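J.: The following comprises the amino acid sequence and a computationally predicted model.
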Amino acid sequence: MRILVLGAGAVGGYFGGRLAEAGRDVTFLVRAPRAATLAEKGLKVDSALGDFQVPVKVATADRVGGPYDLVLLTAKHYDLDAAIDAIRPGVGPGTAVLPLLNGLIHLARLEAAFGRDRVLGGVAYVGAVLLPDGSIRHVNRMSGIAFGERGGGISERAKAIEQQFANTPVAAPANDNILQEMWEKFVMMGAMAGMNCLMRGNVGEIVATEEGEALMAEALRECQTVAEAAGFAPRPQSRDRVQALLTERGSVNSASMRQDLEAGRRTEADAILGDMLRRARHFGDDRAQHDAALLRRVIAGAAVHRRPLVPDQQIADLPGMVIDEPLLCRMRRQLLDQRPGLFAVHPDKAVRVHRVDEQDRAAGDRVVGDRRPRLLVILLLRLPFVVAIQLFANGTIGAAVQSGEAGQPLFHAVRQGVIGGPHIGEHRAAL
């Protein structure tokens with residue numbers, strides 16, 4: 001079986017890497033820089049289930065190859081259109097497309113692009129991160145995929161895919177009710193990601209607060225109610241497992257959406273939380289619509305609390321900390337009025353914050369760039385300039401300006417303004 005994996009990030013890299021480790025025919029469709037890194041170093045994964053580093057085959061947009069028998073799609077929701085365009089050359093009449101995205105909203109778009117029969121249902125269970133050096137760290141012991149035909153039952157192609165993961169650390173049995181599995185993870189992700197993002201904490205930090213466990217349980221009930229209205233009520237074992245997972249004391253579990261949020265990256269909030277709320281409204285179920293009250297607040301919180309503003313505090317960006325123009329002007333005047341021997345950098349330190357995304361700010365709210373290099377140049381050049389003016393004032397040309405002549409007041413003003421005196425005093429008085 002020829003397999004194409006879109007991307008070699010945390011999820012695609014981990015599952016595709018496990019297949020490559022087992023000797024399967026796997027190709028990673030990546031951008032040119034990632035392709036060069038993989039060609040040079042191979043794919044490296046650090047995992048409690050076994051570290052490995054293997055050479056891998058790569059493809060880029062200009063040479064996708066194909067058709068492939070299976071395409072593993074692990075893109076983010078906001079990149080789905082680009083992902084569809086990228087894999088299209090590799091999809092043939094017999095190709096199965098297996099998306100491993102959270103939520104459900106992507107299924108309709110994939111159907112429109114490739115046809116209903118080509119698109120399987122699937123969810124991934126893994127905790128992994130892509131490190132700056134291009135390697136992947138598997139951060140827990142979860143290592144599984146649930147997949148199957150969305151119409152139910154277990155097909156021959158599902159059995160063939162299951163066989164590809166045999167003898168690997170990935171548990172990937174074909175599932176005869178994959179939509180139920182997808183809804184159950186959708187419910188879990190809606191509650192966990194929503195509360196992690198709204199409260200800016202992991203599960204353990206949330207439930208350690210006085211009302212945290214009750215709020216987490218309420219968010220979970222809201223999502224379960226939506227699933228019930230859709231005809232996919234979570235099974236008892238799923239209810240118990242997810243309830244325990246989301247209320248575990250001391251748990252460090254946290255949705256990747258929170259990491260994206262705090263790093264200022266794009267999130268899947270609309271595709272998961274927003275879609276859950278829209279489904280509650282669509283089903284017309286009074287209880288589902290009523291019970292979505294907390295979910296509405298979660299979505300609003302995800303929209304407002306988009307990124308941290310200062311290094312060690314999670315402060316909302318919109319509305320955020322606004323450094324107003326009068327304050328900046330006052331600090332600039334302080335810097336300009338410092339004599340060379342008294343030069344200080346404390347005014348800039350007072351406003352040293354992370355830069356915000358200037359596209360999301362009104363022009364008057366933007367923090368200006370660091371002016372200290374230019375100010376230093378000005379101050380270094382000031383002393384010889386002052387000496388030159390003093391020579392000019394006390395020399396032959398200065399003597400030519402006789403008392404009482406019209407030029408004396410102007411010359412006196414220039415001399416006083418450059419050297420200091422009342423000019424500096426007036427500025428300090430204005431502060």
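T.: Received the coordinates, thanks. Numbers count the residues shown, from 1 in each chain.
J.: So what's the residue count around the residue lying closest to Phe28 once chain neighbours are set aside?
T.: Counting by C-beta to C-beta, 6 or more residues apart in numbering, Ala8 is the residue found nearest to Phe28 once chain neighbours are left out, at 4.5 Å. Any C-beta I mention is one placed from the backbone N, CA and C, and that applies to glycine too. Applying other C-beta atoms under 10 Å, we find 26 residues neighbouring Ala8.
J.: In PDB, list the C-alpha atoms belonging to the lengthiest strand in the chain.
T.: Secondary structure of the chain per DSSP state E: the longest strand is strand 136-148. Written as PDB, here are the backbone C-alpha positions of strand 136-148 (Å, rounded to 0.1, in the frame of the first residue of the first chain):
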ATOM      1  CA  ILE A 136       9.100  15.200  17.300                       C
ATOM      2  CA  ARG A 137       8.500  14.600  21.000                       C
ATOM      3  CA  HIS A 138       5.800  12.100  22.000                       C
ATOM      4  CA  VAL A 139       4.700  13.600  25.400                       C
ATOM      5  CA  ASN A 140       2.500  10.800  26.700                       C
ATOM      6  CA  ARG A 141       1.800   7.100  26.100                       C
ATOM      7  CA  MET A 142      -1.400   7.600  24.000                       C
ATOM      8  CA  SER A 143      -0.700   6.300  20.500                       C
ATOM      9  CA  GLY A 144      -3.800   5.300  18.600                       C
ATOM     10  CA  ILE A 145      -6.100   6.000  15.600                       C
ATOM     11  CA  ALA A 146      -9.800   5.300  15.300                       C
ATOM     12  CA  PHE A 147     -11.000   5.100  11.700                       C
ATOM     13  CA  GLY A 148     -13.600   3.500   9.600                       C
END
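J.: That strand: which residues count as buried?
T.: Neighbour-count burial for strand 136-148 flags 136-138, 143, 145-148 (criterion: 16 or more other C-beta atoms under 10 Å).
J.: hmm, which two among these are most spread apart?
T.: Arg137 and Gly148 (29.1 Å; C-beta to C-beta).
J.: hang on, the earlier thing: which of the residues in the helix or strand just after the longest strand of the chain are buried?
T.: Per DSSP states H and E, the first helix or strand lying C-terminal to strand 136-148 is helix 156-164. Judged by neighbour count using 16+ other C-beta under 10 Å, the buried positions of helix 156-164 are 157-158, 161-162, 164.
J.: okay if I get these as a markdown table plus pLDDT and distance to Ile105?
T.: Below are those laid out as a markdown table (pLDDT from 0 to 100; distance: C-beta to C-beta, whole Å):
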| residue | pLDDT | distance to Ile105 |
| --- | --- | --- |
| Arg157 | 97 | 24 |
| Ala158 | 97 | 23 |
| Ile161 | 98 | 23 |
| Glu162 | 97 | 26 |
| Gln164 | 97 | 27 |
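J.: Name the nearest of those relative to Arg258.
T.: Taking C-beta to C-beta as the measure, Arg258 lies nearest Ile161 of these, at 31.5 Å.
J.: can you list the domains in this protein?
T.: 1-176, 178-306, 325-430 (automatic domain parsing).
J.: Direction-wise, compare the longest strand of the chain with helix 156-164 and give the angle.
T.: Counting by axes from the mean of the first three to the mean of the last three C-alpha atoms, to 10 degrees, strand 136-148 lies at 150 degrees to helix 156-164.
J.: Mind checking the pLDDT average for strand 136-148?
T.: For strand 136-148, mean pLDDT rounds to 93.
J.: on contacts alone, who are the packing partners of it?
T.: helix 10-21, strand 43-46, strand 121-130, helix 156-164, helix 178-199 (3 or more C-beta pairs under 8 Å, 6 or more residues apart in numbering; DSSP states H and E).
J.: Would you mind putting these into TSV with distance to Thr60 alongside?
T.: Listed next are the helices and strands packed on strand 136-148 as TSV, based on distance: least, C-beta to C-beta, whole Å:
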stretch	distance to Thr60
helix 10-21	15
strand 43-46	16
strand 121-130	18
helix 156-164	24
helix 178-199	31
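J.: Show me the one of the ones you listed that comes nearest Gly94.
T.: Among the helices and strands packed on strand 136-148, helix 156-164 sits nearest to Gly94 (C-beta to C-beta), with 8.5 Å.
J.: Nearest residue to Leu19 in space, ignoring adjacent ones along the chain?
T.: That would be Val26: by C-beta to C-beta, 6+ apart, it lies 4.8 Å from Leu19.
J.: Indicate which one of the helices and strands packed on strand 136-148 is closest to Asp69.
T.: helix 156-164 (8.0 Å).
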